[in-house]
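A.B. asks: build me a model from this:
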Amino acid sequence: MIGQETRDVERKITAILKVLSDSAEPLGGRVISRRLKEQGVDLNERTVRYHLKIMDERGLTRSIGQRDGRTITQPGLEELKCALVCDKVGFVTSRIELLAYLTTFDLDGCTGDIPVDVSLFPREQFARAWEIMKGVFESGFCTSNLVAVAAGDERLGDTIVPQDKIGFATVCSVAVSGALLKAGIPIDSRFGGILQIRNHEPVRFVDLIEYHGCTFDPFEIFIAGRMTSVTEAAKRGDGKILASFHGIPMLSRSAAEAVLGKLKAINLCHLVVMGKANESICEVPMMLNKIGLVLPSGLNAVAAVAEKGIDVTSKAMNGVIGVGKLRDFLSL
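C.D. replies: Have a look, this model is predicted:
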């Protein structure tokens, strides 16, 4: 049995590894401490340095330079993937709720922060990736056409873009959850899945992963497994795209429609499917006194790129970004 004290140490080590994995450059104890506090983990610089020494001995980190900078090693990355799996159950739901709360976007003034998904493309393949994504954005199978692009060492969401990569941020569907939450409408995010499209219209979900019991984002897995056919859906109207399934209170329908209407008007909400009270939607049963809501993923264009064999790393729900930093994809 693992004692509570040991579990606490492992949690702290895991938190530090996560900070290092998101950085493209070595970080010292002071910077790590500050970034941990931004994530709600209160570890002072001295405590961070103590744990870094333990991590060095275990081969999870490596000291770089003379200022106590550290980088994460390959064993450290493997440890991060496997660490404390029980603590990560429900991670996706918690992340959705956090980003919805952090959404400060003003529907009337078009200002504030909005959640984004971040993807990393090889620099030399981004032009080809752009051509592939163009058709998907034109089809309306993404949350929004607004994107942000960053080069090496620049920050997008919670990610520092590596030198040999191009960072690409797309509006996350959690933006809709955030807008509904700000309007006083509670939203229950239930599933991430693959939605079948036929004659350009949503038909049914063919695969679903429940957020509440999940330790990873379903869309990242679907993309890595090449389980979509977004390109075909965009070109011919028949294929499989990424989408999420949510529930809202039956009595909030009118208020929700008003919010969704405003989001559509400013290009921040595409292809929303809203069901009827207590009825199935896209062949998924709805709970009593609830209305089903299906939203396309912000990663559908990226999924199309992966379908073509281009190496892309996706980080769903990767923080928030000021909406003023976004621009229309077709204007790039």
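A.B. asks: what ranges do the strands span in the stretch 101-250 of the chain?
C.D. replies: Secondary structure of the stretch 101-250 of the chain by DSSP state E, counting those that start in this stretch: the strands cover 113-122, 146-150, 155-156, 159-160, 165-171, 188-198, 201-210, 239-249.
A.B. asks: next, format those as TSV and append mean pLDDT and mean neighbour count.
C.D. replies: (C-beta placed from N, C-alpha, C; glycine too.) Shown next, in TSV, are the strands of the stretch 101-250 of the chain (pLDDT from 0 to 100; neighbours: other Cβ atoms under 10 Å):
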stretch	mean pLDDT	mean neighbour count
strand 113-122	96	25
strand 146-150	96	21
strand 155-156	90	20
strand 159-160	86	20
strand 165-171	96	25
strand 188-198	96	22
strand 201-210	96	16
strand 239-249	97	23
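A.B. asks: adding distance to Ile132, write those strands out as TSV.
C.D. replies: Listed next are these as TSV, based on distance: least, Cβ to Cβ, whole Å:
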stretch	distance to Ile132
strand 113-122	11
strand 146-150	14
strand 155-156	20
strand 159-160	22
strand 165-171	12
strand 188-198	17
strand 201-210	22
strand 239-249	14
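A.B. asks: which one of those strands lies nearest to Thr14?
C.D. replies: Judged by Cβ to Cβ, the one of these that comes nearest to Thr14 is strand 159-160, at 17.9 Å.
A.B. asks: just the residues contacting the closest one, thanks.
C.D. replies: Asp22, Ser23, Ala24, Glu25, Val118, Leu120, Asp153, Glu154, Gly167, Lys315, Asn318, Gly319 (Cβ atoms under 8 Å, 6 or more residues apart in numbering).
A.B. asks: return the closest of those residues with respect to Leu102.
C.D. replies: Distances from Leu102 to the contacts of strand 159-160, taken by Cβ to Cβ, are shortest for Gly319, at 8.3 Å.
A.B. asks: and the closest one, how far is that from Arg35?
C.D. replies: Remark: distance between Gly319 and Arg35 (Cβ to Cβ, to the nearest Å) = 12 Å.
A.B. asks: Asp108 now?
C.D. replies: Distance from Asp108 to Arg35, by Cβ to Cβ: 33 Å.
A.B. asks: tell me which of these two has more neighbours.
C.D. replies: Set side by side, Asp108 and Arg35 show more neighbours around Arg35, with 20 against 7, by other Cβ atoms under 10 Å.
A.B. asks: which element is the more buried one on?
C.D. replies: According to DSSP states H and E, Arg35 maps onto helix 29-38.
A.B. asks: list the buried residues for that helix?
C.D. replies: Within helix 29-38, the residues scored as buried using 16 or more other Cβ atoms under 10 Å are Gly29, Val31, Ile32, Ser33, Arg35, Leu36.
A.B. asks: tell me the helices and strands packed up against whatever helix or strand comes next after it.
C.D. replies: With elements assigned by DSSP H and E, the helix or strand that comes after helix 29-38 is helix 45-57. Contact here means 3 or more Cβ pairs under 8 Å, 6 or more residues apart in numbering; DSSP states H and E; on that basis helix 45-57 packs against helix 4-21, helix 29-38, strand 61-64, strand 69-72.
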